[in-house]
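1. could you work out the structure for the sequence below:
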Amino acid sequence: MIRPALALGLILASGPSFAAPKAAVPVATAAVPPAPGAPTSTDWRIPDPENLLVIETSKGRVILELAPELAPNHVVRVRELAR
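-> Okay, here's the model as predicted:
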């Protein structure tokens, strides 16, 4: 069985638009303002280490933040399974 994400990647990679890029297009060097609603430096915060789940895979590390205020029972069960 092919996973949907993998199938999408195969479709995109095999399409005619997956050709080598043509000549480089010059990029403007002027500062671009952030998009509306884009995060700023004041939006960053330090997550609670008790609510972090770190998964090591062959492709690299995945870090998830659990949200007990949104799904307390799920967080309890995930913590049990992770331990």
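2. all helices of the chain, in order?
-> 4-14, 72-82 (DSSP state H).
3. worst mean pLDDT among the ones you listed?
-> The weakest mean pLDDT among these belongs to helix 4-14, with a mean of 45.
4. any idea how far the spatially closest residue to residue 47 that is not a sequence neighbour is from residue 73?
-> In space, and not counting its chain neighbours, residue 47 is closest to residue 65: 5.0 Å by Cβ to Cβ, 6 or more residues apart in numbering. For every residue, glycine as well, the C-beta is placed using N, CA and C. Here residue 65 is placed at a distance of 17 Å from residue 73 (Cβ to Cβ, to the nearest Å).
5. what segments of the protein are strands?
-> Secondary structure of the chain (DSSP state E): strands located at 52-57, 60-65.
6. least confident secondary structure element in this protein?
-> Within the chain, no helix or strand scores below helix 4-14, which has a mean of 45 by mean pLDDT, DSSP states H and E.
7. looking at the strands of the chain, spot the one closest to residue 37.
-> strand 60-65 (20.3 Å; Cβ to Cβ).
8. the closest one to strand 52-57, inter-axis angle?
-> 160 degrees (axes from the mean of the first three to the mean of the last three Cα atoms, to 10 degrees).
9. pLDDT weak spots in this protein?
-> Counting by pLDDT under 70, the ranges of the chain that qualify are 1-30.
10. mind redoing it with 90?
-> 1-46, 83 (pLDDT under 90).
11. what lies in contact with stretch 36-45?
-> With Cβ atoms under 8 Å, 6 or more residues apart in numbering as the contact definition, stretch 36-45 has outside contacts at residue 34.
12. what of stretch 57-73?
-> Contacts of stretch 57-73 (Cβ under 8 Å, 6+ apart): 47, 51, 52, 53, 54, 55, 75, 76, 78, 79.
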